[in-house]
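Student: below are the sequence and a predicted model; questions follow.
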Amino acid sequence: TVLVVDFGAQYAQLIARRVREARVYSEIVPHTMPADEILAKKPSAIILSGGPSSVYADGAPGVDAALFEAGVPVFGICYGFQAMARALGGNVAKTGLAEFGATDLKVTDTGSTLFEGQPIAQSVWMSHGDSVDRAPEGFAVTATTDGAPVAAFEDDDRKLYGVQYHPEVLHSKHGQRLLERFLHAGAGLRADWTMANVIDEQVADIRERVGDKHVICGLSGGVDSAVAAALVQKAVGDKLTCVFVDHGLLRKGEAEQVERDYVASTGVSLKVVDAQERFLNALAGVTDPEEKRKIIGREFIRVFEQAAAEVVAEADAHGEQVEFLVQGTLYPDVVESGGGTGTANIKSHHNVGGLPEDLQFQLIEPLRKLFKDEVRAVGEELGLPSEIVWRQPFPGPGLGIRIIGEVTADRLETLREADAIAREELSRAGLDREIWQCPVVLLADVRSVGVQGDGRTYGHPIVLRPVSSEDAMTADWSRLPYELLARISNRITNEVREVNRVALDVTSKPPGTIEWE
Ligand code: XMP
């Protein structure tokens, strides 16, 4: 395992992903972990990430020199590079020559371990104030920029390396190659971490843990639960029962995709609970977004608990015990919940569509080590339908928070039709994987005047909210082609009764959120 020491910026997860793209398994540890604890994990290599601080700032995290003396290959990036230089006796200076963004790098040794075969002049992504102006003893300086006299250093004897820039971001064009050179040539690691291996490993693990017990899993229609359940199914077959709560807030065709296509491709035994009426009744008269979320979350838990009790009773009748619950927890959730820094409660996301904490089951979390793109790769490897594997993020409360105003059956029908048209046209334009998601919002309490045919109409507006994003924390509105927008608008106003106007949301996040509620 390659350990990425997180110095607190947002780069650590990206670095870990890039290492895995090089087919080497990696995990993130906080910089507060003592060196002996890090070394006790027997890492095959260590990467020190970038961070927000200056090495001169008060309380700036340092690096224990013990990390460099254990014979473990180390690669320092940006802040990690400077902290490494300091710990090993080099010098970091306030040169006043800060560099941010695309910067010209001059490689001074294109035969070095890191830069072998790379162009002498290249553009790299920088983000630093201070600079290393003297490399520690034993290091060769292999690249420079105008603002960073030492932009890269290498010591093949001790297998210690570092660069001032960010090789993990796409703006550093040859960055991935550099990282791979460190991993394979510098640290001597083999590229043998593949999704096929992940599946084999998980299947063996799950089989061993489950033994002759029974497993239950809630399917949401999203990628994570679908892939998690498919893995468990592969491991224990019909000892798994999946529960799918149809709350009536899904988009057109989504329930069928789970009930028909997913079941056909995985063979899971599925228990479908049709709870549409129940959710509609509970939501009647409610317009406040947070209240909607609470109601949907509460009802979901109740319905699931009841279904789970039925699964337990059925298993019991066969002399089986239900002991495990599958959850689609991903690696970023694991890392973030370990971080523990409080963020403002802007929307109460994580409680919605989640399960109660006091369910009497042990958890099976087969995706705990994986990033989203890896989950998708596992899903493809397992042969799941691509509509599910490539599904864009969709909120747990579903269309319930895309109807601005009270949720009713008619309004859901209207929104489902409009949403289906937008999705169809976006797919047809080949933009599914380019845009992060495109909420389609029904302004149910707003009416405007229109003219259709010979008549005056007084219908509702639909808002399109296409966004591009890396992680949903920030987002920008997608610049969709006008032709496409025209087609979507045309079709929606022609084909969906009650809708006589289509608007485009051109707000970034912040200040807007992605969803309207
Ligand atoms: P916002 O609207 O906060 O959304 O910019 C960020 C991401 O989270 C999704 N989202 C939710 N997901 N339950 C969920 O499971 C929720 O209540 C919820 N609200 C927003 C949203 O679709 C986007 O991907």
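Tutor: Okay, I see it.

Student: in a strand, Thr103, correct?
Tutor: Yes: applying DSSP: H, G, I helix; E, B strand; the rest coil, one finds Thr103 inside a strand.

Student: isn't it up against Tyr165?
Tutor: Yes: using Cβ atoms under 8 Å, Thr103 is in contact with Tyr165, at 7.0 Å. Every C-beta, even on glycine, is put in place using the N, C-alpha and C of the backbone.

Student: which residues are common contacts for the two?
Tutor: Common contacts of Thr103 and Tyr165 (Cβ atoms under 8 Å, 6 or more residues apart in numbering): 124-126, 145.

Student: now narrow those residues to whatever sits close to the ligand.
Tutor: For the ligand, no contacts are drawn from the shared contacts of Thr103 and Tyr165 by Cβ under 6 Å from any ligand atom.

Student: by average pLDDT, which secondary structure element in this structure comes out worst?
Tutor: Counting by mean pLDDT, DSSP states H and E, the chain has its least confident helix or strand at helix 331-339, which shows a mean of 74.

Student: among the shared contacts of Thr103 and Tyr165, which pair sits farthest apart?
Tutor: Trp125 and Thr145 (11.4 Å; Cβ to Cβ).

Student: what touches both of the two?
Tutor: 103, 165.

Student: and the closest residue in space to Glu495 that isn't next to it in sequence, how many neighbours?
Tutor: Excluding the flanking residues, the one nearest Glu495 by Cβ to Cβ, 6 or more residues apart in numbering is Ile421, at 6.4 Å. Ile421 has 24 neighbours, counted by other Cβ atoms under 10 Å.

Student: which one is Val440 nearest to, not counting chain neighbours?
Tutor: Asp419 (4.2 Å).

Student: wait, a helix at that neighbour?
Tutor: Yes: Asp419: assigned to a helix according to three-state DSSP.

Student: can you count the residues close to it?
Tutor: Neighbour tally, Asp419, other Cβ under 10 Å: 23.

Student: same question for Val451.
Tutor: 9.

Student: show me what contacts the residue nearest to it when sequence neighbours are not counted?
Tutor: Leaving aside its sequence neighbours, Val451 sits nearest to Thr457 (Cβ to Cβ, 6+ apart; 6.7 Å). Thr457 sits next to 449-451, 500 when contact means Cβ under 8 Å, 6+ apart.

Student: re earlier: now the residue nearest to Val440: how far from Arg402?
Tutor: Look at Asp419 and Arg402: by Cβ to Cβ, to the nearest Å, they are 8 Å apart.

Student: need the residues touching each of those two.
Tutor: Val440.

Student: show me which of Thr103 and Tyr165 is the more surrounded one.
Tutor: Tyr165 (30 against 22).

Student: residues in contact with stretch 405-412?
Tutor: For stretch 405-412, using Cβ under 8 Å, 6+ apart, the contacting residues are 248-249, 280, 283-287, 292, 399-400, 403, 442-445.

Student: phi, psi of the residue nearest to Asp157 when sequence neighbours are not counted?
Tutor: Spatial nearest neighbour of Asp157, excluding adjacent residues (Cβ to Cβ, 6+ apart): Gly138 at 6.8 Å. The phi and psi values for Gly138, taken as degrees, to the nearest 10, are phi 90, psi -10.

Student: hmm, Gly138 is touching Asp155, no?
Tutor: Yes: counting by Cβ under 8 Å, Gly138 does reach Asp155; the two are 4.9 Å apart.

Student: which SS state does the residue lying closest to Ser386 once chain neighbours are set aside fall under?
Tutor: Nearest non-adjacent residue to Ser386, counting by Cβ to Cβ, 6+ apart: Glu380, 7.6 Å away. Under three-state DSSP, Glu380 falls in the helix class.

Student: Glu380 - how many residues pack around it?
Tutor: 14.

Student: ok, it to the ligand distance?
Tutor: For Glu380, the distance to the ligand equals 22 Å [Cβ to the nearest ligand atom, to the nearest Å].

Student: I'd say that residue and Ile388 touch.
Tutor: No: between Glu380 and Ile388 there is no contact under Cβ under 8 Å: 10.4 Å.

Student: which neighbours do those two have in common?
Tutor: Counting by Cβ under 8 Å, 6+ apart, nothing touches both Glu380 and Ile388.
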